[in-house]
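Q: Sequence and predicted model, in that order:
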Amino acid sequence: MVRPGKIVCVGRNYAEHARELGNPVPERPLLFLKPPSAVIGHGEAIVIPPQTQRVEHEAEIGVVLGRSLRRADEVVARAAIGGVTCVNDVTARDLQKADGQWTRAKGFDTFCPIGPRVMSIDPSTFDLSTLQVICRVNGAVRQNGRAANMVFSIPVLLAYISQVMTLDPDDLVVTGTPEGVGPLVAGDVVEVEVPGVGVLRNPVTAQVPL
């Protein structure tokens, strides 16, 4: 399972997703972090905590760094890509709205499923714009997006992030979710698929209050 030192995420990187939540499309990449303690693997349970009444799936393409990246341009940033994986940026939507910032809403334990594997790529020849991400809940498709429709492309994102912080090998950049986000409840099974990578599948349970 991927164990990134940093998980750097991008918000509102698909225009239709920004609009479905009533938000403007950002003029520059909107960055936030998820803690490594939120990571779980394929088959492990997403646990809904008692603090929230609205947990939602966000299917995303994850990019794993193959080498360090600092103050890079897009060409160097592309060359630093080690592989691609499936990510579910699980979000407590009510807490995100209530807090005004996203750390609590996106940082709960189990809120960052990753897997089922990292697909190694040759960044000099692989066409990143062909990547697709699909989300299913209990077998029904809820999200279907392509990297070609991102507001900011993957090389642009990596270069931008590298101007802020050094990205290290095995760090994970989570590139945004397409439209169609929706609720998860105990008993659901949620899947995130990136064709060619595999299907990340996680059951959903609820934490018993103390």
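A: Arrived safely, thanks for sending.
Q: What is the least confident helix or strand in this protein?
A: Counting by mean pLDDT, DSSP states H and E, the weakest-scoring helix or strand in the chain turns out to be helix 15-20, with a mean of 86.
Q: So residue 162 is in contact with residue 77, correct?
A: Yes. Residue 162 is in contact with residue 77 according to CB atoms under 8 Å; the separation is 6.3 Å. (C-beta placed from N, C-alpha, C; glycine too.)
Q: Overlap in contacts, those two.
A: In the contact map built from CB atoms under 8 Å, 6 or more residues apart in numbering, the residues linked to both residue 162 and residue 77 are residue 69.
Q: So for these two, which residue has more residues nearby?
A: residue 77 (24 against 21; other CB atoms under 10 Å).
Q: quick one, phi/psi of the more buried one?
A: In terms of degrees, to the nearest 10, the main-chain angles of residue 77 are phi -60, psi -40.
Q: ok, the closest residue to it other than its chain neighbours - contacts?
A: If you skip the residues right next to it in sequence, residue 77 has residue 158 as its closest partner in space, 3.7 Å away by CB to CB, 6 or more residues apart in numbering. The neighbours of residue 158, taking CB under 8 Å, 6+ apart as the test, are 63, 69, 72, 74, 77, 78, 80, 81, 167, 173.
Q: So residue 158, which state does it fall into?
A: helix (DSSP: H, G, I helix; E, B strand; the rest coil).
Q: and it, how far is that from residue 71?
A: Distance check for residue 158 against residue 71: by CB to CB, to the nearest Å, it reads 12 Å.
Q: do the same with residue 39
A: Residue 39 sits 27 Å away from residue 71, going by CB to CB.
Q: ok, now residue 8?
A: For residue 8, the distance to residue 71 equals 15 Å [CB to CB].
Q: So these two - more neighbours on which side?
A: Comparing residue 8 with residue 71 by neighbour count (other CB under 10 Å), the higher total belongs to residue 8, at 23 against 10.
Q: my guess is the more buried one meets residue 167, correct?
A: Yes. Using CB under 8 Å as the test, residue 8 is close enough to residue 167 to be in contact (7.4 Å).
Q: overlap in contacts of those two?
A: Here residue 8 and residue 167 have 161, 173 as joint contacts, going by CB under 8 Å, 6+ apart.
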